[in-house]
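**Student:** just to be clear, the model below is a prediction. Sequence and coordinates:
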Amino acid sequence: MAYADHHDIMEITEQMVSGMVRAIHGTYKIKYHPEGAEGPVQEIDFTPPFKRVSMITTLEEKLKVQFPPASEFASAKTNEFLSQLCANHNVECPAPRTTARLLDKLVGEFVEEYCINPTFICDHPQIMSPLAKYHRGVPGLTERFELFVMKKEICNAYTELNDPVVQRERFEQQANDKAAGDDEAQLVDENFCTALEYGLPPTGGWGMGIDRLTMFLTDSNNIKEVLLFPAMKPDNPNRAHPAEVNNIEENS
């Protein structure tokens, strides 16, 4: 969305999701069975405004520690700090143990697990958000948020990074992580950097997992139940197509 930032996108997301739930169910509160119809029932309250939590601040509160400044997150010292923190709390993080991956594991264990009702997790570190614009108030963070419901991410959004020089630096950091074995890290996208050099207005980027949201709205606990075009394979991959069978019978 041109000439918008993550605050604008967050407000739009909140209004859209809460309004959708009320229009469909007649209420902001819905019942959901995360383990199936025979399992326990969980109430999800979509009443606006949704809860907003800052990622690093929340981790500090949960873990009773003081994190290094966000501007130093790319340092080896911070990586060692996070690695030890994961070890102290029995949080597994298979190699490569990059700072971004260590942070992601800690957030999954101590922040996402408590997001039952809609919750915006905000202010992601730059090392985790290569396409998000740097935070206007806290060096090292970005203007990004993720919306979680029932411990699952349903939305990812941010103020778009429109500085080609900074964007290339972010890509190079990601490329280093990829070289270290992080398959989720990105490579340098020269075409994208070149496009930014021509100019991108202030923009809010947004993406939503419609299938996950549909799961909650229809009380489905398996995403395959709500996929519009599920990827299906025949039981027997060697089985002849019906048309081939007809041809054989006609020619017999």
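**Tutor:** Yes, it's here.

**Student:** phi, psi of His89?
**Tutor:** Main-chain torsions, His89, degrees, to the nearest 10: phi -110, psi 20.

**Student:** tell me which residues in the lengthiest strand in the chain are buried?
**Tutor:** Longest strand of the chain, by residue count under DSSP state E: strand 152-159. Buried residues in strand 152-159, counted by 16 or more other CB atoms under 10 Å: 152, 154-159. C-betas here are computed from N, CA, C, even on glycine.

**Student:** check stretch 110-119 too.
**Tutor:** So, applying 16+ other CB under 10 Å, buried residues of stretch 110-119: 110-112, 115-119.

**Student:** could I get that stretch in CSV with only the CA atoms?
**Tutor:** Presented in CSV, the C-alpha positions along stretch 110-119 are these (Å, rounded to 0.1, in the frame of the first residue of the first chain):
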residue,chain,number,x,y,z
PHE,A,110,8.5,-17.9,24.9
VAL,A,111,6.3,-15.5,22.9
GLU,A,112,4.3,-17.3,20.1
GLU,A,113,3.2,-20.0,22.5
TYR,A,114,1.2,-17.5,24.5
CYS,A,115,-0.5,-15.9,21.5
ILE,A,116,-4.0,-17.5,21.7
ASN,A,117,-6.1,-14.5,21.1
PRO,A,118,-5.0,-12.3,18.1
THR,A,119,-1.6,-10.7,19.0
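
**Student:** quick one: that stretch to chain centroid distance?
**Tutor:** The chain centroid and the centroid of stretch 110-119 are separated by 13 Å, computed with CA atoms, centre = their mean, to the nearest Å.

**Student:** ok, and what's touching it?
**Tutor:** Under the criterion CB atoms under 8 Å, 6 or more residues apart in numbering, residues 14, 17-18, 42, 44-46, 50-53, 55, 58-59, 62-63, 89, 121, 147-151, 153 lie in contact with stretch 110-119.
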